[in-house]
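Trainee: Here's a sequence, model it:
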Amino acid sequence: MLAERYRNPWALQTACRLGAVRRGAARGTLSKLTVDGLPDAVSGLYGQLWLELPDGMREALTLAVLSAPTAVGARLNFGDDRWDPALVLGAVQTEQWLREQAGPLLDDLRLAADAYSWARTVEEWLQRFQDPAQRDVALTAAHAEYSEQDRQALYKALAEALAAAADLTPVRRRHGDRLLLALAAEGFLDPASDSVVEAATRICEALSVSPAIVDQRLLVTIAALVMNAPSDQSQRRLWALQGLFGSALGETGLYADSVLVWRALLADQQRVLGPDAPDTLTTRNNLASWLGQAGQVEAAVEQSRALLADQQRVQGPDAPGTLATREQP
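Mentor: Down below sits the predicted model:
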């Protein structure tokens, strides 16, 4: 009867896990009425399986799904639906209203993978749901159980746990950076805070070496999130991100905007570092390059000539930077 009802093998396997089906099959009393009353879609079957999970298991999976960047919001297209169990545990331990769940949380998440087939471990202990339909069921339950104020408290605790985490592996650090940026994009964290600026800089540095235009556009979106936040734009902590922002704008064809970003960065560096500082000279070189890309050839040539004279004076005629400027078309 089940095989006739569910032609999709995954739906059939999922239906066979339901308590009513297992009990009826074990007793030999599984009726057509019971089979006909089962949900048609896999998502509906998972909805029933969710209700059959132990309370602690549902609690663990609910907190886990809320801790995935994609669950926070879709304004940044990371597509990261994983969570970090150790990070979730650290966040739960800082919140009194969640602390009593902290003890069995990791055990429940392990049991979800081993016995209940809801979660699986990927990439250095990060976890995700076995099936997107499972994630959707858990996320729907999470939004029903936790108010926006509850989620905001959880997100604050996650950010604090990330700040306190030491010696994170590169994979866990990148995942944590994505989570912080997702929280900032959705208004749960200040985009101008030090932790968000540092996360944005690391993510944008990784994106900057990608030749894919979609990655350059994502870089622009992330950098704009931070650069457009109310803050002192001349702060040195923003300069690395500002340079990445300027280059990505140019890579996506927004040459005039790129020039504006490089001019603003140059003005700040000349004021703070001085006109002959290495970073200032590098920014002048980048400005000249993007002026040329923007079609402002005369301005680009003028900028390059002035830069070459200063590099010869400061660094010498045979310095790598000087030679690079001389070789520019």
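Trainee: C-alpha from now on. contacts and neighbour counts both.
Mentor: Will do.
Trainee: Helix or strand next in line after the least confident helix or strand in the chain by mean pLDDT, which one?
Mentor: None of the helices or strands of the chain scores lower by mean pLDDT, DSSP states H and E than helix 96-99, at a mean of 66. Beyond helix 96-99 in the direction of the C-terminus, DSSP states H and E gives the next helix or strand as helix 102-114.
Trainee: Okay, buried residues for that following helix please.
Mentor: 102, 105-106, 108-110, 112-113 (16 or more other CA atoms under 10 Å).
Trainee: could the residues you listed be laid out in JSON lines, adding distance to residue 30 and pLDDT?
Mentor: Output for the buried residues of helix 102-114, formatted as JSON lines (distance: CA to CA, whole Å; pLDDT from 0 to 100):
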{"residue": "102", "distance to residue 30": "39", "pLDDT": "59"}
{"residue": "105", "distance to residue 30": "35", "pLDDT": "80"}
{"residue": "106", "distance to residue 30": "36", "pLDDT": "77"}
{"residue": "108", "distance to residue 30": "31", "pLDDT": "85"}
{"residue": "109", "distance to residue 30": "32", "pLDDT": "83"}
{"residue": "110", "distance to residue 30": "32", "pLDDT": "83"}
{"residue": "112", "distance to residue 30": "27", "pLDDT": "86"}
{"residue": "113", "distance to residue 30": "28", "pLDDT": "83"}
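Trainee: Which member of these is positioned nearest residue 190?
Mentor: residue 102 (27.2 Å; CA to CA).
Trainee: What distance do you get for the nearest residue to residue 174 once chain neighbours are set aside to residue 95?
Mentor: Spatial nearest neighbour of residue 174, chain neighbours left out: residue 203 (7.2 Å); criterion: CA to CA, 6 or more residues apart in numbering. The gap separating residue 203 from residue 95 is 28 Å, by CA to CA, to the nearest Å.
Trainee: These two: who's more crowded?
Mentor: residue 203 (22 against 15; other CA atoms under 10 Å).
Trainee: Okay, and the more buried one sits in which element?
Mentor: helix 194-208.
Trainee: packing partners for that helix?
Mentor: helix 170-185, helix 213-227, helix 239-251 (3 or more CA pairs under 8 Å, 6 or more residues apart in numbering; DSSP states H and E).
Trainee: now those helices in a markdown table, with mean pLDDT, distance to residue 28 and mean neighbour count?
Mentor: Below are the helices and strands packed on helix 194-208 laid out as a markdown table (pLDDT from 0 to 100; distance: least, CA to CA, whole Å; neighbours: other CA atoms under 10 Å):
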| stretch | mean pLDDT | distance to residue 28 | mean neighbour count |
| --- | --- | --- | --- |
| helix 170-185 | 96 | 48 | 22 |
| helix 213-227 | 96 | 56 | 20 |
| helix 239-251 | 96 | 65 | 22 |
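Trainee: Could you dump these into CSV with distance to residue 139 added?
Mentor: CSV is the format used below for the helices and strands packed on helix 194-208 (distance: least, CA to CA, whole Å):
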stretch, distance to residue 139
helix 170-185, 16
helix 213-227, 25
helix 239-251, 33
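Trainee: Out of the ones you listed, flag the one nearest residue 14.
Mentor: Closest approach to residue 14 among those (CA to CA): helix 170-185, 30.3 Å.
Trainee: Okay, angle between the closest one and helix 194-208 too, please.
Mentor: With axes from the mean of the first three to the mean of the last three CA atoms, to 10 degrees defining the directions, helix 170-185 sits at 120 degrees from helix 194-208.
Trainee: could you say what helices and strands helix 170-185 packs with?
Mentor: Against helix 170-185 (3+ CA pairs under 8 Å, 6+ apart) you get helix 69-72, helix 148-164, helix 194-208.
Trainee: List the contacts of the second one.
Mentor: By that I understand helix 148-164. Here helix 148-164 makes contact (CA atoms under 8 Å, 6 or more residues apart in numbering) with 66-67, 87-88, 90-92, 94-95, 176, 180, 183, 188-189, 195.
Trainee: Fine by me, thanks again.
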